[in-house]
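> Need a 3D model of the sequence below.
(one chain, ligands or ions: 1)
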Amino acid sequence: MKMPELDLPQGIEARFGATPQQVAAQLADTVAGFLQARLEIAPRASLAVSGGSTPLPFFQALSHKELDWGRVDILLVDERWVEETDDASNTRLVKANLLQNNAAAARFFSLKQKGDTPEDGLAAANAELVKLTRPLDVLILGMGNDGHTASLFPDAPELAHGMSLESRETLAAMTPPSQAHQRITLTYAFMHRARFVALHLKGDDKLDTLKKALSEPSRMLAMPVRGFLKPGLQVFWSP
Ligand SMILES: O=C(O)[C@H](O)[C@@H](O)[C@H](O)[C@H](O)COP(=O)(O)O
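Residues are numbered from 1 along each chain as shown. Purely as a prediction, here's the structure:
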């Protein structure tokens, strides 16, 4: 496989694979290794994952890893404000693909709570996260071709709040008109302190979007993923 041309800033590492399964296995190995190292020096570790379609093989590979999963906290970086029975539910995706096998013993924190809107559910969701191991140890992000990550969407009226480094909030409600559902998301201020961050992408379109994001790194509100393009990031990509 011809490795794609990607001019990354100093400190950002690219991990390319010929297939989504190969990259998923690499990412699962990396994440399991990082969580294991944390569990050797800390009572618990935390892992925040993205929804969408890309993560599925990663979830399945990670779920089989030998770890003290009972000491691992797992949550989503965002959620569509739908019931778990809805096909659009990220919670449903994580429960069906990651919280299985060895990883079934992990402690899952649900962003989706009662309430007609994410705004109505924010207090309950924050209460759910009170016992979450902080700061995040591992953060796995996806990206849309509009440059969103988590549910930090460029067209969300609440984006400036969600991206503010002055924010002391862990969660924010987002109502991007481009999306079918209202969203709840971890804030940039909370996510950017994660100890290990990986950007997990699949397809040439995502590579082109990443190149565009890299071309103007300071314009974060135009492409929120830019907030994570900094030293220490590892980009996992397959065709
Ligand atoms: O709820 C979501 O949709 C995700 O959290 C979102 O941020 C996702 O990571 C990107 O939209 C990429 O999605 P795909 O992996 O499906 O391309």
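> What residues sit buried inside the longest helix anywhere in the chain?
Longest helix in the chain, counting residues (DSSP state H): helix 20-39. If you call a residue buried by 16 or more other Cβ atoms under 10 Å, then helix 20-39 has these buried ones: 20, 22-28, 30-32, 34-35, 38-39. C-beta here means a position set from N, CA and C on the backbone, and glycine is covered the same way.
> which of these come close to the ligand?
Applying Cβ under 6 Å from any ligand atom, the subset of these adjacent to the ligand is empty.
> Now do stretch 50-60, average pLDDT.
Average pLDDT, stretch 50-60: 98.
> And the ligand, is that stretch touching that?
Yes: using Cβ under 6 Å from any ligand atom, we find that stretch 50-60 touches the ligand at 50-54.
> if we look at that stretch, which residues are touching it?
Outside stretch 50-60, the residues that touch it by Cβ atoms under 8 Å, 6 or more residues apart in numbering are 20-21, 23-25, 27-28, 49, 76-80, 90, 93-94, 97-98, 100, 140-142, 149-150, 200-202.
> buried subset of those?
20, 23-25, 27-28, 49, 76-80, 90, 93-94, 97-98, 140-142, 149-150, 200-202.
> Nearest to residue 228 among the residues of stretch 50-60 next to the ligand?
residue 50 (11.7 Å; Cβ to Cβ).
> Make sure residue 226 is indeed in a strand.
No: applying DSSP: H, G, I helix; E, B strand; the rest coil, one finds residue 226 to be helix, outside a strand.
> Any idea how many residues pack against it?
Around residue 226 there are 21 other residues, counting by other Cβ atoms under 10 Å.
> partners of the lengthiest strand in the chain, with directions?
Taking DSSP state E as the criterion, the chain has its longest strand at strand 196-202. Note on strand 196-202: by DSSP bridges, its sheet partners are strand 138-141 (parallel), strand 234-238 (parallel).
> Please name the nearest non-neighbouring residue to residue 134.
residue 46 (7.0 Å; Cβ to Cβ, 6 or more residues apart in numbering).
> going on from the helix or strand in which that neighbour is found, what's the next piece of helix or strand?
Assigned by DSSP states H and E, residue 46 falls within strand 45-49. Remark: after strand 45-49, the chain's next helix or strand is helix 56-63, criterion DSSP H and E.
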